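*Asks:* kindly return the folded structure for what I paste below:
(chains A and B)
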Amino acid sequence: MAMVRQEIRFLLNDDEMHLCEVGAGDTLLDFLRIGQRLTGTKEGCAEGDCGACTVLVGRLTGGGLRYEPVNACIRFLASLDGCHVVTVEHLRGADGGLHPVQRAMVEHHGSQCGFCTPGIVMALYALWMETPRPSETEVEIALQGNLCRCTGYAPIVRAALAAADHGGPDGDILVTERERVTAALTGLRDGARVEVARDGQRAILPADVDDFAAVYASEPEATVVAGATDVGLWVTKFLRDIGPAILIGHLDGLQQIEECEDALTIGAGVSYSQAEKVLLDTFPHLREYWHRIAGWQVRNMGTIGGNIANGSPIGDLPPVLIALGARVVLRHGAARRDLPLEAFFLDYGKQDRAPGEFVESVVVPRPQPGVLHGAWKISKRRDEDISSVAAGFAVTVAQGAITDARIAFGGMAGVPKRAKAAEAMLIGAPFAGESFVRAAQTLPQDFAPLSDWRASADYRMRVAQNLFQRFWAVHGDTGQAELQRVEA
Amino acid sequence: MSIKGATHQDLAHDSAAKHVTGRAEYTDDIPEPGGTLHAYLGLSEVAHGRIVEMDLSEVLAAPGVVGVLTADDIPGANDISPTGLGDDPVFPEDSVEFHGQPLFAVVAESREAARRAATLAQVEIAPLAHVLDPVGAIEAGYPDVTAPLKLERGDVAGGLADSAHRIKGRMAIGGQDHMYLEGHIAFAMPGEDDDVVVYSSTQHPSEAQHMVAHVLGVPSHSVVVNVRRMGGGFGGKETQMNLFAAVAALAAKKWNRPVKIRPDRDQDMIATGKRHDFVADYEVGFDGEGRIEAVEGFFAARCGFSADLSGPVTDRALFHADNAYFYPHVRLRSRPMKTNTVSNTAFRGFGGPQGVIVAERMIEEIAYALGRDPLEIRKANFYRPGGDVTPYHQQVEDNILERIVGELEESSQYQARRQAIRDDNVRNGIIRRGIALTPVKFGISFTATWYNQAGALVHVYSDGSIMLNHGGTEMGQGLNIKVAQVVAEAFQVDIERVKITRTTTEKVPNTSATAASSGSDLNGMAALDACEQIKARLVDFACENRGIAADEVAFLPGRVKLGADEIGFDDFIRQAYMARVQLSAAGFYKTPKIHWDRAKGQGRPFYYFAYGAACSEVSVDTLTGEYRVDRVEILHDVGRSLNPAVDRGQVEGGFIQGMGWLTSEELWWDDDGRLRTHAPSTYKIPLASDRPRIFNVALAEWSQNAERTIKRSKAVGEPPFMLGISVFEAISMAVASVAGYRECPRLDAPATPERVLMAIERLKRER
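*Replies:* Model (predicted):
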C-alpha cells in the first residue's frame, strides 16, 4: 500500500496551507469566506451556475503549471492538495494598483451592484492570461459560467476586449512567480495517498490509478468524486454526507488522451477543457455543441468519465458519443471490461457498473469516410443550460443510399438512448429528405419523453423529429440551416 | 477650471474599484462578532392546508442547535404586511398558504448546523384544495388580496360598437424572479434595553425598521437598520427583507447574541416574492387606418397568498395599459387574485411592463389584421394634442415620443431593414428573421403619493470635507455617485471631498423605499436642499463678516469669492466654523403637483413621463424555436442626465433584464404548487452570449425634463426595462412569417423556444 499522508497541502495566494481537519464535503468557498475571511469571493448560487465564486486553481500537469477558473462553491477543499488557489485578493497591477482587467472593468463601467464582479474579474483574468486579445466569441465563451443581473454584459465584454490595453500577461504575478510556485508545488508532491477527515467524514486522495482501484475495491460504498460538478450539489443543495469520498481529480493517470490510428482513448478524468482540442480537431461537427455545454468553470472541473458514470438521462456527451460508436472501459481492481456506451445505461438511475468498479476511459472511433455527422443541443437558454433534447447523428452514405445510421438522444427517455426504429428506417433508404421525414415519424416507437420545467413531452418529441430535418438541411439541402452569430 | 465630478459628467460608480478588487463590503462580509448564531428557515411542503402538528423535537436535538422560533416566540405582532393589511405573518399559526412558506426558524452555532437541523422537522399538515393561477383563482371564487381598480373614460360599449373592426384576445404574461446575485440576508446585533441593530440587504431600511419594531413590540426608536450596499435589488428587497430582518432581530433579542440569517439561493427563490404573472383579456375597436376607438382590458394577476404590494402593482399595470397610445373610450379593470403561491412583490417596472406589453399586443393585433407595419399603427395612436388624456385622466403634457421614435426609425434604418427581412423570409428558409420598433412611456412617481418624499443629511466638517447621507439605498444603480455629484457641484468641490456613507435609519428617518425609479429624483433634491441651507448660512456669515452683499459671494471651483477676495473652500469653512456657523443640515423634498383619487380613478399620479424606444432584430430557428437577438438600437430619454455613463448602464442592463423576462426566464410550478425553477440551474437569466452583438444605446441628448427635477434629469431605473418588448415582438414577426404575416401569432410570455416552436407549428397548421 502507498504511504498515507494525513494532511492536505496547497498554496493559497502567497501562503502555504497545511490542513488536517478537512471533511469530504468541505468546500473551498466556505474555507475562503469563513475560514480565511477572504470575502472577495462570493456565494451566488452554491451550484456552479453563477460564477460569483470564481477563483483560479493552478496545478502541475504534463504541460507544467496551468491555471484554470473554477467554481469555489462546489470545489471540495480536500481536492486542492498540491494546487495553487488564487483569489481576487491576489490580483494587482504592475504598479501595485489595479490589475489591467480590473482597470478595464472600472473604465468601461463593468460593475453596477458589484456582487458578480469579483467572479467576472477572475474569469476575465484567466482569459487574459491565455488570450490577451480575445475575439468577441472567445469572451462570450469565457463568460458562459458567469451571471450578471445588472449590466446586461455589454460593458463587461467591452472591458474584456480592452483589458490588454492596460498591460499584457508578461509582468503578471502568476507569470513572474511561475518558477517559484512550480518549485513550491513540486515540493508538495510526495506520491503519497492522502487521507483527511472532519467529523468522521473521510476524504481519500489515492496516490495513483492503481491505488484508486485498490481503495475503491476495498471501499465500494465510497463516493467517487472527479470534477464535483454533480456531487458538489449533493452537498451544497441536499446536505448529503458523501464520506468516505475518493477524490480522483488529481490523478494524472486518468487524464491521458491516447490518439491511436483508429480511435481516441480518453481517460475518465479528462476534463471537458482538456478534451476540447483533440475532440474538436477530430470531430469538427461538435464545435457548436461543445460550447453549449456548461460554463467555462464547469468545463474545467467536469470530466468526460463523470458525465458518463453519473448516469444522467440527459447527459451532455453520451448521446453524441453513442452516435459515434464509443465504448466505455470499466475497471475493478486489476480487472477491466468494455462495452458499448449505450449498454452502460440500463435504466433511469441504473448503470451496468458493479460495486467498486469505475469508468476508466472511453474509446471513441475516429470518423470514417462517408459518414455524415450531426450534434445538436436544444435548451431554454442557448448556453450553460441543461438540454431539453440532445442529439447525435452518424449516417453513412454510399452511392446515394444510406448504408448505416447511429442516432441517439438525451432528454427523451430515462437514459441516453438510440433511435433504433429510425435507424432501421434509414438504413437502405435513399439519401433524400423524404427518408429523414419518414425516419422521424418512427420516434414515438422508441421514445416517450417526460414533461418538466425544461420542456414538455410534446416539444421534446417535436424537436427531436425536426432534428432529422435539420440533418438533411445541413447535409443534403442548401441555404441557411442553422442560427449563426452576427459579427458586429 | 471646473471641479471633478460635477453633474452631467460620466463618472464611474463610486464603488467600482472596490467591486473589482472584492473589497466592497456586503452584509455577509461584515466580520461576525464572537458568539454569532445563525438562523435558517423551515418551509412548508404543502401548498395549502391546516397545521395539525409541528414537532420540532428532532430539530432541537440536532447538533449545534440553540433553539427554534415559531409564531409563539413573537412578542409583538406576528405580521410583516407592508400595507398594514395584517395578512402576512412571520410564521403562520394555523394554516399554510403556499408550498415553501416559512413555518419556523432554527437557530444554531453555525449556518451549516442550522441548515441541517431545519430539515428534521416533522410537520403534519391537513391538505386543502389549492389554486395556483389567477384564472383558476377566479373560477374557484378566491378573493382579491386587495381592492381591485377600475380606470374608465368615455363610453366603452358605444366605442366598441361603433368601431369598424373589433378584436378580442387573451395574453398570458409570466412572472420573473429577481435573481439578484446577492440573496437576502439580515444580521442583527442585540443592544441594551429594547435596542437592536440590523444590517440588512434592503431597498427600504425604514420599513425593515418599522417591521422589526412591530414584531418585537417595541417603538421604532429602538431599532436601527443599516445598509451600505446591496448586490442587486430590482424590487425584490423592497418588502421581502422584512421576514429576514424580523427573524434575525427576534433571535438576537431572544438569545442576546448576534444572529445572521442567509437563505440559500433555492430558499430565497422559493420563499420570497417575484414579479406578478398576469392573464390579460383585451378587446380593441379600431378603424380602417388602425386608429384605436375603444379598449376594454381586464388584468388578473397571480398575487400569491397575501397582498404585499399587489395593490399598487396591479394599479400600475392599469396605469400603463395605454403605454403611449390614446384610447378615446377605455375601461380597464384589475383583479389582484389570491393564489396558493408565494406572495408576489415589486420588480422593476412594478406592474407597468405587464400593462405595456398588452398595449403592444393590441397594436400587433391591429397591424396583422390590417396587413400593416405595427410601427405605422403605433404612430397613428400616439398621444397628441386633442388626444392627450390618459385613462386615469392625467393630461400628457411633455410628449416627446414622436421625435424619439422618428429619430430611432431613421438611425436604425428600420424601414429598409424591415423590407430586407421580409424579402429574405419569403424564401422560405429554416431561419426566419423579425424586426420590431417599440416605444415606452413610463409614469414617474410613487402612486402612493405620500411616498414621494425624501430626506438627506449633509455635514461639512471643519477641514472642508463633506459627509453625505440620504435615505436612498445603493443596489448598483449608481444613486450614491449621482447624489454626490449634486453635492460636489453645490459646494463646488471635487467629488473626492464628498464621503458617501451607508444608509441608516439613524441619520434620516421615515424614508421611502428606493424604488419606482425615484432614487435620484427624490434624494438628489433632498441633498441639494441640505446643501442650500448650509450655503445660505455661509453666505450670511460672509456678508456679516466682510460687510459685502450676498451677490458678491460665489462658490467657485475649490474656492469662494468674497467681494474682491477669493479664498480656498477649506479656509472659508474653517473661518465659518470659528465664527460658530452651523455646518450641518437636514434636507427634505416632496414631489410637487401630484395627487391621486383612487376611488374615482382620477388625478395626476405622475409628476412626469420618461420615454424611450428600441429597435430589435432577431433570427428564429423554425425547427427548434430557438433564436438569437442579432441587433438592437435604443434611443432613450433621461432628461438632462446627471451621469450619462451610469444612465447608459441602466438602459443597457434594463433592456437585457426585460428581454430575459420575455424570453428564457420561466417560472414553473408543478401541480403540487412546488416551484421547480428555483436556482440558476433551472431558472435561466440572460448570459453574455444572449446580448445582441450589435447593441447601440443612445441617450436623447436634446431632452431635458419639462418639470423642475434635479438638474432637469429624469428617472431611469425602470423605463428601459420595457424596451425588451421589442425583442418579443421581433420574435413574433419571425413566427408570423411562416403564415405570410396574415395572423398575429399571439405568443404568450415568456417566448421560450418551446412557445415559439409551438406557435410556428400552430401557424403552419392553420396556414
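*Asks:* okay, domains of chain B per the record?
*Replies:* Per the record, chain B has its domains at B:35-129+B:184-262, B:277-447+B:598-766, B:453-590, by automatic domain parsing.
*Asks:* how about these in JSON lines, adding mean pLDDT?
*Replies:* Conversion of the domains of chain B to JSON lines gives the following (pLDDT from 0 to 100):
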{"stretch": "domain B:35-129+B:184-262", "mean pLDDT": "98"}
{"stretch": "domain B:277-447+B:598-766", "mean pLDDT": "97"}
{"stretch": "domain B:453-590", "mean pLDDT": "97"}
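*Asks:* show me the one of those that comes nearest residue A:452.
*Replies:* Comparing the domains of chain B against residue A:452 with CB to CB, the closest turns out to be domain B:277-447+B:598-766 (7.1 Å). Every C-beta, even on glycine, is put in place using the N, C-alpha and C of the backbone.
*Asks:* end to end on that closest one, go ahead and measure it.
*Replies:* The first and final residues of domain B:277-447+B:598-766 sit 29 Å from each other (CA to CA, to the nearest Å).
*Asks:* of all the domains of chain B, which one comes closest to residue B:139?
*Replies:* When these are ranked by distance to residue B:139, counting by CB to CB, first place goes to domain B:277-447+B:598-766 at 10.3 Å.
*Asks:* okay if I get the domains of chain B as TSV plus distance to residue A:336?
*Replies:* As requested, the domains of chain B are exported to TSV (distance: least, CB to CB, whole Å):
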stretch	distance to residue A:336
domain B:35-129+B:184-262	40
domain B:277-447+B:598-766	35
domain B:453-590	55
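*Asks:* any chance of those in TSV, with mean neighbour count too?
*Replies:* Putting the domains of chain B into TSV (neighbours: other CB atoms under 10 Å in any protein chain shown) gives the following:
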stretch	mean neighbour count
domain B:35-129+B:184-262	22
domain B:277-447+B:598-766	23
domain B:453-590	21
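*Asks:* I'd like to know which of the ones you listed is closest to residue B:136.
*Replies:* If we rank these by CB to CB, the stretch that ends up nearest is domain B:277-447+B:598-766, at 7.7 Å.
*Asks:* can you give the distance of that closest one from its chain's centre?
*Replies:* Relative to its chain's centre, domain B:277-447+B:598-766 lies at 15 Å (CA atoms, centre = their mean, to the nearest Å).
*Asks:* which one of the domains of chain B lies nearest to residue A:147?
*Replies:* Here domain B:277-447+B:598-766 is closest among the domains of chain B (CB to CB), at 6.1 Å.
*Asks:* what about residue B:616, is that helix, strand or coil?
*Replies:* Residue B:616 carries the three-state label strand when classified by DSSP: H, G, I helix; E, B strand; the rest coil.
*Asks:* which helix runs longest in chain A?
*Replies:* What stands out as the longest helix in chain A, according to DSSP state H, is helix A:457-475.
*Asks:* quick check, distance from it to the centre of its chain.
*Replies:* Centroid separation between helix A:457-475 and its chain, computed with CA atoms, centre = their mean, is 26 Å.
*Asks:* elements contacting it?
*Replies:* Other elements packing on helix A:457-475 under the criterion 3 or more CB pairs under 8 Å, 6 or more residues apart in numbering or on different chains; DSSP states H and E are strand A:371-378, strand A:389-398, helix A:433-441, helix A:443-446, helix B:753-766.
*Asks:* which of the residues in that helix are buried?
*Replies:* Residues A:459-475 are the ones in helix A:457-475 that count as buried (16 or more other CB atoms under 10 Å in any protein chain shown).
*Asks:* do stretch B:163-175 as well
*Replies:* With burial defined by 16+ other CB under 10 Å, the residues of stretch B:163-175 counted as buried are B:163, B:167, B:169, B:171, B:172, B:173, B:174, B:175.
*Asks:* let me see the contact set for the fourth one.
*Replies:* Read that as residue B:171. Contacts for residue B:171 (CB atoms under 8 Å, 6 or more residues apart in numbering or on different chains) come out as B:279, B:280, B:282, B:357, B:358, B:361, B:746, B:748, B:749.
*Asks:* helix/strand/coil for the second one?
*Replies:* Think residue B:280. Using three-state DSSP as the criterion, the local structure at residue B:280 reads strand.
*Asks:* wait, isn't it in contact with residue B:358?
*Replies:* Yes - with contact defined as CB atoms under 8 Å, residue B:280 counts as touching residue B:358 (4.6 Å).
*Asks:* quick check: neighbours shared by these two?
*Replies:* Between them, residue B:280 and residue B:358 share the neighbouring residues B:171, B:173, B:297, B:299, with contact defined by CB under 8 Å, 6+ apart.
*Asks:* which one of those residues is nearest to chain A?
*Replies:* Checking the shared contacts of residue B:280 and residue B:358 against chain A with CB to the nearest CB, the nearest one is residue B:173 at 17.4 Å.
*Asks:* and the closest residue to residue B:217 other than its chain neighbours, how far from chain A?
*Replies:* The spatial neighbour of residue B:217 that comes closest, neighbours along the chain excluded (CB to CB, 6 or more residues apart in numbering or on different chains), is residue B:76 at 2.9 Å. From residue B:76 over to chain A the distance is 32 Å, taken as CB to the nearest CB, to the nearest Å.
*Asks:* residue contacts, residue B:76?
*Replies:* So residue B:76 contacts B:213, B:214, B:215, B:216, B:217, B:218 (CB under 8 Å, 6+ apart).
*Asks:* in chain A, which residue sits nearest chain B?
*Replies:* Evaluated by CB to the nearest CB, chain A has residue A:40 as its residue closest to chain B, separated by 2.0 Å.
*Asks:* okay, now the closest residue to that residue other than its chain neighbours: neighbour count?
*Replies:* Closest residue to residue A:40 apart from its sequence neighbours, by CB to CB, 6+ apart: residue B:22 at 2.0 Å. The burial count assigned to residue B:22 is 25, neighbours taken as other CB atoms under 10 Å in any protein chain shown.
*Asks:* doesn't residue A:88 make contact with residue B:22?
*Replies:* Yes - using CB under 8 Å, residue B:22 is in contact with residue A:88, at 3.9 Å.
*Asks:* which neighbours do those two share?
*Replies:* Shared between the contact lists of residue B:22 and residue A:88 (criterion: CB under 8 Å, 6+ apart) are residues A:40, A:41, A:118, A:121.
*Asks:* in what helix or strand does the second one lie?
*Replies:* Read it as residue A:41. When secondary structure is defined by DSSP states H and E, residue A:41 falls outside every helix and strand.
*Asks:* any idea what residue B:610 is bridged to?
*Replies:* Judged by DSSP bridges, the bridge partners of residue B:610 are residue B:442.
*Asks:* that older thread, residue A:118 is in contact with the residue of chain A closest to chain B, correct?
*Replies:* Yes - the pair residue A:40 and residue A:118 passes the contact test of CB under 8 Å, sitting 4.8 Å apart.
*Asks:* looking at these two, which is more packed in?
*Replies:* With neighbours defined as other CB under 10 Å, residue A:40 and residue A:118 compare such that residue A:118 has more, 30 against 25.
*Asks:* how about the secondary structure of the more buried one?
*Replies:* Classification of residue A:118 by three-state DSSP places it in helix.
*Asks:* same deal with residue B:529?
*Replies:* Once three-state DSSP is applied, residue B:529 turns out helix.
*Asks:* need the contact list for it.
*Replies:* With contact taken as CB under 8 Å, 6+ apart, residue B:529 is in contact with B:456, B:585, B:587, B:588, B:589.
*Asks:* contacts only, for the second one.
*Replies:* Put plainly, it is residue B:585. Applying CB under 8 Å, 6+ apart, one finds that residue B:585 lies in contact with B:457, B:458, B:529, B:530, B:531, B:533, B:534.
*Asks:* how close does it sit to residue A:459?
*Replies:* 62 Å (CB to CB, to the nearest Å).
*Asks:* for residue A:305, which non-adjacent residue is spatially closest?
*Replies:* Taking CB to CB, 6+ apart, and ignoring the residues beside it in sequence, residue A:305 has residue A:268 as its nearest neighbour in space, at 2.4 Å.
*Asks:* my error: substitute residue A:342 in the last question.
*Replies:* The shortest distance from residue A:342 to any residue that is not its chain neighbour, by CB to CB, 6+ apart, is 4.8 Å, and that residue is residue A:322.
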